[in-house]
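1. give me coordinates for this.
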Amino acid sequence: MADSGGVTRALPVLHAPIGHDSAPRHVSGEALYIDDIPEPPGLLHLYVGRATRAHARVTRLDLSAVRAAPGVVAVLTPVDVPGKNDISPFAGDDPLFATDTVMFHGQALFCVAAESLPKARAAAALAVVDYDDLPPLLTADAAVAAGSFIEASQSIILGDARTAIAAAPRRLSGHLQVGGQEHFYLEGQVALVIPGEGGDLHVWTSTQHPTETQHILARVLGCADVDVTVEVRRMGGGFGGKETQSVQWAAMAALAARLTRRPAKIRLDRDDDMVMTGKRHDFEIDWDLGFNGDGKLHGAAFEFASRCGFSADLSHAINDRAMFHADNAYALPAAEIVSHRARTHTVSNTAFRGFGGPQGMMAIERALDAVAMSLGKDPLDVRLANLYGVAGDLTPYEQVVTDAVAHEIMTELAASCDYRARRAAIAAWNATDDHLKRGIALTPVKFGISFTTTHLNQAGALVHVYTDGSIHLNHGGTEMGQGLNIKVAQVAADAFQVPLAAVKITSTRTDKVPNTSATAASSGSDLNGMAALNACEIIKARLTDWALATYGVSPAFTADGVRLGADLLSFREFVNRAYLARISLSATGYYKTPDIHYDRATHKGRPFYYFAYGAACSEVVIDTLTGENKVTRVDILHDVGRSLNPAIDLGQIEGGFIQGMGWLTTEELVFDDAGRLRTHAPSTYKIPTAGDRPDAFNIALWQPGENREPTVHRSKAVGEPPLMLAISVFSALTDAVASVGGHRVMPNLDAPATPERILAACNDVRRRAADA
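-> A predicted model of the protein is given here:
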């Protein structure tokens, strides 16, 4: 059936596996990214001059040769900033350009604006910079020892953990190092700024946070927010790396455009991007557990130290979330969680999918593996015995867990993937093969959904219904490939019961929906979907009031059209009549997450609206002579509530898992003693490839799933939680390494578990097992 606009109906559109709206354009090359926008006349190309020290005073910065170089139009330095030389989101500690002291290797000193990128790059190389070197703090441990922090250390306390641990029948402690991770978005950092009349600027930038970009650019330029319009149609990936750290490059382009009155563009190449932008925080973790002979926990203590980099960025909230997720899915009768936030002379680390949660979960999962090994038990049984809903329901931050379903998901997955039989078969294999060892692990995820900074849990949307029945949809979220736009469009199409093709998705713009939050914290669909639904309901309420007054009946929006008693009108005819009756067909929608509260001073409250759950079983094989390894099979069962779009959600689960697997196996960030990042290109930094995908990769959505909270159509967030399912890979690798010593000693294996580390761990286990 065709609607009044002549498009073929494809209903229902909600809870249906519909493809990504941009997918055909992606494969055909029609999807426009910023670098695809035709270059306007007079465009200036920007290149950044960088510091070559990790920590030093700048005693001389001579840019005369740079300014005199062919094609150079302007050279931007701190003195050219008309507003504040500050691009920080909160703390005021992150300059657009370094001034008298550089704080990390690669920090921006100046920016060249030239007629072409090669000319800008060549000119930047002519700068003369002299330094007076200062001692750098390059690691979290070094910074903690020196007392260098971005804020005072934080703690979450539940009961008396130290007493509980000391009184427990058994006790174990250990240390784990967890590495950082490069975002490696396919589209690098890029911005294009075009000046308009009256000092206005139109900014195209690859950012997850258009509103913050608008605010900070206005701060740098010394103008009002209204003078800056930021637009984002799509990003080629973000993963948190474009939440705050996209702002610096947009600010440089905006400054160049404001000063020269010419369009300006900056696009970092991969090496520069990796050197100058922050990563996932790397952590040093100490853990201490008290438990009984059944593996039931009595108390737990965790001490985290993270490398935050030279400025605060989002490290306060990231480290808070690491603390919130130190329990993962397990009820801790008593807990002490301490977090040290180290200020180092390295690039400022930032948001990354999971936002500290993955590092927090790694602590408890490693500890439970050790508990199981010490007792000679299956790690799955130890995990099941300690889950929320089984062992308790109060988190260390005193939020009551009312939706615990991890036990149901894990037991269902263990049965469906034949975990017990496979574990027995792997034990038999390992008993006869000294060269190749196999391992298996099944781990859960419980991930809190909401921004822990409470005021960010709000969103707006703008919906126009045109007289031909087509619908214009705009909201404050940004599309970075995750499928947010198609989900919100499905919500709008369902609200009016029109075909999905009737809904036009438009660019996110600060002059359409103002004061938005970042598309982050897995909250994009929850917030923007509800805001769009609110706008649709406002329009429907107007239409209902008009129809009642005019026809004496309430309209019923159906897949066949709008029913008015015995009469059936097409949606087009119905809204056209309403227009002729002077009924407004446009509305702004708004939503704020209810029932959340959090006191950061005490780290107590209900920071999360609900929890997303899942479980994964991973099987691996390692070569004990080389450390080479392969993930051979993965089974995932994940709760997305009532999925708005199962196809999109399955894609997010698969992609998140693979990204997490890369973080824990192949993606190694290496800084040398001078503070230089040595792994700054695909040649040295290894993200997973198609060949790393497990040959057997089985993903299912948990069918009983339905959000107990009134989220948009009872769905659950899916962006971040699946990444932490990959912790099962790390536990499986630990299991395989432990088999080298007959599971008599716990491997000293840190993350990422590279072949070098696996080989070293195997050799260490052999030696320690022989000594035992």
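2. contact partners for Phe571?
-> Residues near Phe571 by CB atoms under 8 Å, 6 or more residues apart in numbering: Asp3, Ser4, Gly469, Phe496, Gln497, Val498, Ala502, Phe557, Gly561, Val562. Quick note: C-beta positions are derived from backbone N, CA and C, even for glycine.
3. tell me how many other residues crowd the residue nearest to Asp21 when sequence neighbours are not counted.
-> Leaving aside its chain neighbours, Asp21 sits nearest to Ile486 (4.5 Å; criterion: CB to CB, 6 or more residues apart in numbering). Residues lying near Ile486 (other CB atoms under 10 Å) number 24.
4. pLDDT score for Ile486?
-> pLDDT for Ile486: 98.
5. quick one: it is in a strand?
-> No: Ile486 is assigned helix when assessed by DSSP: H, G, I helix; E, B strand; the rest coil, not a strand.
6. hang on, Gly605 packs against Tyr397?
-> Yes: if you go by CB atoms under 8 Å, Gly605 and Tyr397 touch, sitting 6.8 Å apart.
7. higher neighbour count, those two?
-> With neighbours defined as other CB under 10 Å, Gly605 and Tyr397 compare such that Tyr397 has more, 25 against 16.
8. could you measure from the more buried one over to Gln359?
-> Distance, Tyr397 to Gln359, using CB to CB, to the nearest Å: 17 Å.
9. ok, Ala612 next?
-> 18 Å.
10. if you count surrounding residues, which of the two has more?
-> Gln359 (30 against 26).
11. count of neighbours near Phe671?
-> Counted with other CB under 10 Å, Phe671 comes out at 21.
12. for it, name its beta-bridge partners.
-> Leu677 (DSSP bridges).
13. part of a helix, is Tyr685?
-> No: applying three-state DSSP, one finds Tyr685 to be coil, outside a helix.
14. give me phi/psi at it?
-> When read as degrees, to the nearest 10, the backbone of Tyr685 gives phi -110, psi 120.
15. what sits against Phe451?
-> Ala317, Asn457, Ser517, Ala520, Ala521, Ser523.
16. go with 10 Å
-> By CB atoms under 10 Å, 6 or more residues apart in numbering, the contact set of Phe451 is 317, 321, 355, 457-458, 517-518, 520-523, 527, 593, 596, 598, 607-609.
17. in strands, which of the residues you listed fall?
-> Gln458, Tyr598 (DSSP state E).
18. can you tell me the closest non-neighbouring residue to Ala146?
-> Leu137 (5.7 Å).
19. and for that neighbour, the neighbour number?
-> Neighbours of Leu137 using other CB under 10 Å come to 22.
20. how far away is it from Phe310?
-> Taking CB to CB as the measure, Leu137 falls 10 Å from Phe310.
21. identify the contacts common to the two.
-> Common neighbours of Leu137 and Phe310 (CB under 10 Å, 6+ apart) are Ala54, His55, Ser148, Arg343, Thr344, His345, Thr346.
22. wait, the residue nearest to Asp21 touches Gly477, no?
-> No: if you go by CB atoms under 10 Å, Ile486 and Gly477 don't touch, sitting 11.7 Å apart.
23. what stretches of the chain score poorly on pLDDT?
-> Within the chain, the ranges that satisfy pLDDT under 70 run 1-11.
24. ok, Lys119 touching Leu126?
-> No: in this structure, Lys119 is not within contact of Leu126 by CB under 10 Å, at 11.3 Å.
25. joint contacts of those two?
-> When contacts are counted by CB under 10 Å, 6+ apart, Lys119 and Leu126 have Ala69, Val72, Val112 as shared neighbours.
26. list the contacts for Glu412?
-> With contact taken as CB under 10 Å, 6+ apart, Glu412 is in contact with Val405, Ala615, Leu637, Ala700, Trp702, Gln703, Pro704.
27. just the buried ones from those, in PyMOL syntax?
-> Burial among the contacts of Glu412 is assessed by 16 or more other CB atoms under 10 Å; the matching PyMOL selection reads:
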select buried, resi 405+615+637+702
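28. as JSON lines, the contacts of Glu412 with distance to Gln214 and secondary structure would be great.
-> Output for the contacts of Glu412, formatted as JSON lines (distance: CB to CB, whole Å; DSSP: H, G, I helix; E, B strand; the rest coil):
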{"residue": "Val405", "distance to Gln214": "40", "secondary structure": "coil"}
{"residue": "Ala615", "distance to Gln214": "41", "secondary structure": "strand"}
{"residue": "Leu637", "distance to Gln214": "41", "secondary structure": "strand"}
{"residue": "Ala700", "distance to Gln214": "41", "secondary structure": "strand"}
{"residue": "Trp702", "distance to Gln214": "39", "secondary structure": "coil"}
{"residue": "Gln703", "distance to Gln214": "43", "secondary structure": "coil"}
{"residue": "Pro704", "distance to Gln214": "43", "secondary structure": "coil"}
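29. now the contacts of Glu412 as JSON lines including distance to Thr453?
-> Output for those, formatted as JSON lines (distance: CB to CB, whole Å):
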{"residue": "Val405", "distance to Thr453": "27"}
{"residue": "Ala615", "distance to Thr453": "29"}
{"residue": "Leu637", "distance to Thr453": "31"}
{"residue": "Ala700", "distance to Thr453": "34"}
{"residue": "Trp702", "distance to Thr453": "29"}
{"residue": "Gln703", "distance to Thr453": "34"}
{"residue": "Pro704", "distance to Thr453": "32"}
